[in-house]
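>>> Below: sequence and its predicted model.
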Amino acid sequence: MSRGHTTAGHEYPEIPAETLLTVEDLRTTFDTPRGKLTAVDGVSFELEAGRTLGVVGESGSGKTVLSRSVMRLLPKRGATSTGRVRFNGHEMVGLTQKQLRGIWGTELAMVFQDPMTSLNPTMRIGNQITESLRYHLGMSSSEATEHAVVLLSSVGIPTPERRLHDYPHQLSGGLRQRVTIAIALACGPRLLFADEPTTALDVTVQAQILDLLAAQQRERSMAMILVTHDLGVVAGRTDDIAVMYGGKIVEQAPTKTLFAEMRMPYTEALLGSIPRADQPSHTPLQAIPGRPPDLVSPPPGCRFAPRCPYAQPRCRHEEPPLREAPTKGHRFACWFPVGTPEGRQALEENRVRGVALDPARSVTT
């Protein structure tokens, strides 16, 4: 066990040695012309070494800001982050830019969702890989080049020696994403953030990239946080899943438990919006009605209530806490959970009354 830690007058408990990342009450706000926008609102979770956590939610749910907040990759102006982020026994909040540069790449790394913007268009691929190897690991130019070839080969890029001399625009989207993965893995990080790593790729390439990440993780005994909007992506590729909505975690569980015993209506809605292979061709996709909440001025009560088919008057006035389910490691925030007598009764009452979910859409259950 590591020693306890005190921050801003709060005493935190001891952390098991196998826990690689601990996040407690993390809040990230941005200054906007309309006021403060709270993109991450009181998020807490733990991640053990070698395990994979899937963070799932719609665009605007706060999942990307959560990753950047943990990495300390927020803008220098207009952004404020509070709470506790403890990685490998060290407190991340309050580290200087110089200290963070010593951690980025060697301990923490990120694969960004758009390789065309994350790669430098004016630099050859080889230079972008060898730069971190020379800076962090002190390799000579020839050593770094040799290692870059090995890295490109390990992520499935053909003729890696030739690709070292290419510019990003000369590669396909799938190859560019493989290059960003090679750069992220170059210095052997213990934790990798993969932020929507398959955005804008066709389904075949998506599967290849996800398989590549899984293989690299197993080979390197690396922990990973996989950020996506698609529950189908994390279904067979993660150990645990955290579902985010309106800047908060609304359900968290081991992956198998989440799919077998999901309790949050938002999780159910995300699952229902995934295309299914057993449905006839041209079957319309099931969309979640309404819009995500305004995080400058969020609604009272449960933030999903205006879009929820289970919502009752209590949901619109009283925010549900993230409470423990009977199954170990399963937490959810809902007054009328899916699959419970209370949930079934609420759903039936709304059906009988023909309650509209969202005034802007007038969708009824």
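Arrived safely.

>>> where does this structure dip in pLDDT?
1-17, 200, 355-365 (pLDDT under 70).

>>> residues contacting Leu271?
Taking Cβ atoms under 8 Å, 6 or more residues apart in numbering, we find Leu271 in contact with 231, 259, 262. Any C-beta I mention is one placed from the backbone N, CA and C, and that applies to glycine too.

>>> in stretch 69-81, what's buried?
Buried residues in stretch 69-81, counting neighbours by 16 or more other Cβ atoms under 10 Å, are found at 69-72, 74, 79, 81.

>>> what does stretch 215-226 give?
Under 16+ other Cβ under 10 Å, the buried positions of stretch 215-226 are 216-217, 222-226.

>>> Can you tell me which of the buried residues of stretch 69-81 end up in strands?
The strands, defined by DSSP state E, take in 79, 81 from these.

>>> In JSON lines, list the buried residues of stretch 69-81 along with distance to Ser153.
Below are the buried residues of stretch 69-81 laid out as JSON lines (distance: Cβ to Cβ, whole Å):
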{"residue": "Ser69", "distance to Ser153": "34"}
{"residue": "Val70", "distance to Ser153": "30"}
{"residue": "Met71", "distance to Ser153": "27"}
{"residue": "Arg72", "distance to Ser153": "32"}
{"residue": "Leu74", "distance to Ser153": "35"}
{"residue": "Ala79", "distance to Ser153": "39"}
{"residue": "Ser81", "distance to Ser153": "38"}
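
>>> which ones among the buried residues of stretch 69-81 are found in helices?
Those of the buried residues of stretch 69-81 mapping onto helices are 69-71, per DSSP state H.

>>> where do the strands sit along this protein?
With strands called from DSSP E, the chain shows them at 5-7, 10-12, 19-32, 35-48, 52-56, 79-87, 90-91, 108-111, 191-195, 223-228, 240-245, 248-254, 323-324, 331-332.

>>> Could you export those strands to JSON lines, including columns for distance to Gln99?
Output for these, formatted as JSON lines (distance: least, Cβ to Cβ, whole Å):
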{"stretch": "strand 5-7", "distance to Gln99": "17"}
{"stretch": "strand 10-12", "distance to Gln99": "21"}
{"stretch": "strand 19-32", "distance to Gln99": "17"}
{"stretch": "strand 35-48", "distance to Gln99": "21"}
{"stretch": "strand 52-56", "distance to Gln99": "25"}
{"stretch": "strand 79-87", "distance to Gln99": "12"}
{"stretch": "strand 90-91", "distance to Gln99": "9"}
{"stretch": "strand 108-111", "distance to Gln99": "12"}
{"stretch": "strand 191-195", "distance to Gln99": "17"}
{"stretch": "strand 223-228", "distance to Gln99": "21"}
{"stretch": "strand 240-245", "distance to Gln99": "27"}
{"stretch": "strand 248-254", "distance to Gln99": "28"}
{"stretch": "strand 323-324", "distance to Gln99": "36"}
{"stretch": "strand 331-332", "distance to Gln99": "33"}
